[in-house]
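A.B. asks: Can you look at this prediction? I've put the sequence above it.
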Amino acid sequence: MAPRRLLVVDDDPSGRFALREYFALRGYEVDDVDSLRAALESFQSARPDAAVLDYALPDGTALDLLPRLRSLDPTVPLVVLTGHGSIDLAVQAVKEGAEHFFTKPVELATLAVVIERLLDQQRQRQRVLAGKTREARRAIDPFLGTSPAVRRLAEEATRVQASDSPMLIQGETGTGKGVLAAWLHRHGPRAEEAFVDLNCATLSKELLESELFGHEKGAFTGAVAAKPGLLEVAHRGTLFLDELGDMDPAVQPKLLKVLEEKRYRRLGEVRDRQVDVRLIAATHQDLAALVGSRTFRQDLFYRIAAIPLVVPPVRERAEDIPLLARDLLDRIAADLGRGRLDITSAALAALGAYSWPGNIRELRNVLERAVLLCRDRTIDAGDLRFLHAGAPAVLPPPPAPAAPAAELHDTSMTLEEVERRHIVAVLEEEDGRVEAAARRLGVPRSSLYKRLRVLGLVGSRS
């Protein structure tokens, strides 16, 4: 982790020197400036952990600076020093956002104790918030299973989890690369900080740059206000770049600069900003081959691939399918508000006989459809439908035909019945894939789950 960074704002060179030297000896990185304008620039680019502000400055007072710093980052502790202290001034400074107020000359040891206490309090608040966030969602185990391939991955990941170096996760689509990245964050040195993810495959060069680095007002048409990038959001935490192999070549050197210099620029900006992130990247592509074809930078590849991890496909861990199916069924049942579901040995045999080209993502889709359409609490082989060639011999019966258009427009039906039949028809056409059905219906996946429960499309079968 990077050392704590302190911003000192004072127009007295001897005062700045004393504070800089004292806190540098205590392990801080100190940036010292002599004006409000320079303080704002340093605060935005250097991202300090705390700031010490002299009250009287050439271009204003700390009271002018406090609300502006608070608007940039309300979590940074601010301490005000003044040579002309008064109760009224102290009260006003606290109202404007100061955490503490000292009259000069100040004992440096006392000031250090106060700043360290403020930083400890800030860190504790972040830990409590991070703990609540983790408790709110049940973490997925990327090493669920007993197969040699998964045990090998678990051993390798455990050895490198404490490293702060960039990591590259490789594996086929749907194997759970993002799940492994989240696990590495939770068990790494930045577990109490933010975990921010971005899929490079879904964005154009312009959108990718804007999302990653942010932009200034007027940087391009439509940029009506400044916007921080995900690098800023992930500061001190983990940035997960999924499908890195699809990153536009023009963006790659900018990412390399972040890794090597811990600096970047927003679009439309002329000065560098500092950032401290742990990078985890993932791809289903062969980056070495992309380097050979000159579509991926060799220097970036070597920088990112310092710690490579490979997530095995499901076909190489067939013995894990019963455990994976049981875990996925429990999660699907929780999403649908249902109790525990059972699965027969015949269904498990059918799952084990399939090649799973879509890996764990496809396994979830198959089970999700089975849960929605089965007639009781037990998933049997006949409830499973596979979408690719090479499916096992035990196949489900064909679905019942959807209601004809004339029936859907029968004016004797209630609106709820029309809605129920329409949702069933869309689910049938999408082979029970809730996510695809939700897209066609124009609603979030969670909203479709709620409607399924309200309309009795899951509860009535249980």
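C.D. replies: Good, I have the coordinates.
A.B. asks: CA only for contacts and neighbour counts going forward, please
C.D. replies: Noted.
A.B. asks: Tell me the secondary structure of the residue nearest the centre of the chain, please.
C.D. replies: Closest to where the C-alpha atoms of the chain average out (Cα atoms, centre = their mean) is residue 196, at 2.8 Å. Residue 196 carries the three-state label strand when classified by DSSP: H, G, I helix; E, B strand; the rest coil.
A.B. asks: Surely it is in contact with residue 232?
C.D. replies: No - look at residue 196 against residue 232 with Cα atoms under 8 Å: they stay out of range, at 10.0 Å.
A.B. asks: Could you pull up the contacting residues of residue 335?
C.D. replies: Listed by Cα atoms under 8 Å, 6 or more residues apart in numbering, the contact partners of residue 335 are residue 449.
A.B. asks: no no, residue 163
C.D. replies: Residue 163 touches 188, 189, counting by Cα under 8 Å, 6+ apart.
A.B. asks: Surely it forms part of a strand?
C.D. replies: No - assigned with three-state DSSP, residue 163 falls outside any strand and is coil.
A.B. asks: Who does residue 56 form a beta bridge with?
C.D. replies: Beta-bridge pairing of residue 56 under DSSP bridges involves residue 61.
A.B. asks: hmm, back to that, so is the closest residue to the residue nearest to the centre of the chain other than its chain neighbours in a helix, a strand, or just coil?
C.D. replies: Distances taken as Cα to Cα, 6 or more residues apart in numbering put residue 239 closest to residue 196, at 5.0 Å, once the chain neighbours are dropped. At residue 239, secondary structure determined by three-state DSSP is strand.
A.B. asks: Could you tell me how many residues sit around residue 239?
C.D. replies: 27 (other Cα atoms under 10 Å).
A.B. asks: from memory residue 372 sits against residue 432, does it?
C.D. replies: Yes - shown here, residue 372 and residue 432 form a contact pair, counting by Cα under 8 Å, at 7.2 Å.
A.B. asks: which strands and helices sit next to the helix or strand hosting residue 428?
C.D. replies: Per DSSP states H and E: residue 428 is located in helix 415-429. Contact here means 3 or more Cα pairs under 8 Å, 6 or more residues apart in numbering; DSSP states H and E; on that basis helix 415-429 packs against helix 405-408, helix 434-441.
A.B. asks: let's go with 7 Å and repeat that
C.D. replies: helix 434-441 (3 or more Cα pairs under 7 Å, 6 or more residues apart in numbering; DSSP states H and E).
A.B. asks: Can you give the distance of the helix it packs on from its chain's centre?
C.D. replies: Relative to its parent chain, helix 434-441 has a centroid offset of 24 Å by Cα atoms, centre = their mean, to the nearest Å.
A.B. asks: Which of the residues in the helix or strand following it are classified as buried?
C.D. replies: Using DSSP H and E, the next helix or strand after helix 434-441 towards the C-terminus is helix 445-454. Residues of helix 445-454 classed as buried by neighbour count (16 or more other Cα atoms under 10 Å): 448, 449, 451, 452.
A.B. asks: The residues you listed into a markdown table, with extra columns for pLDDT?
C.D. replies: Putting those into a markdown table (pLDDT from 0 to 100) gives the following:
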| residue | pLDDT |
| --- | --- |
| 448 | 82 |
| 449 | 76 |
| 451 | 78 |
| 452 | 79 |
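A.B. asks: List just the nearest of the residues you listed to residue 324.
C.D. replies: Nearest to residue 324 out of the buried residues of helix 445-454 is residue 449 (Cα to Cα; 21.9 Å).
A.B. asks: tell me the mean pLDDT for the helix holding residue 428?
C.D. replies: Mean pLDDT, helix 415-429: 77.
A.B. asks: Please apply the same query to stretch 282-302.
C.D. replies: 95.
A.B. asks: so how far does stretch 49-61 reach from one end to the other?
C.D. replies: 21 Å (Cα to Cα, to the nearest Å).
A.B. asks: what comes into contact with that stretch?
C.D. replies: Applying Cα atoms under 7 Å, 6 or more residues apart in numbering, the set of residues contacting stretch 49-61 from outside is 4-11, 35-36, 62, 76-82.
A.B. asks: Just the buried subset of those residues, please.
C.D. replies: By the neighbour-count criterion of 16+ other Cα under 10 Å, the contacts of stretch 49-61 include these buried positions: 4-11, 35-36, 62, 76-82.
A.B. asks: Just the ones of those residues in helices?
C.D. replies: Counting by DSSP state H, the part of the buried ones among the contacts of stretch 49-61 found in helices is 36, 62.
A.B. asks: Please flag which of the buried ones among the contacts of stretch 49-61 sit within strands.
C.D. replies: Judged by DSSP state E, strands contain the following of the buried ones among the contacts of stretch 49-61: 5, 6, 7, 8, 9, 78, 79, 80, 81, 82.
A.B. asks: Just say helix, strand or coil for residue 191.
C.D. replies: Under three-state DSSP, the three-state class of residue 191 is coil.
A.B. asks: Helix, strand, or coil at the closest residue to it other than its chain neighbours?
C.D. replies: Sequence neighbours aside, residue 185 is the residue nearest to residue 191 in space, at 5.5 Å (criterion: Cα to Cα, 6+ apart). Classification of residue 185 using three-state DSSP returns helix.
A.B. asks: these two touch, right, residue 185 and residue 193?
C.D. replies: No - look at residue 185 against residue 193 with Cα atoms under 7 Å: they stay out of range, at 8.9 Å.
A.B. asks: So these two - more neighbours on which side?
C.D. replies: Between residue 185 and residue 193, residue 185 has the larger neighbour count (other Cα under 10 Å), namely 24 against 20.
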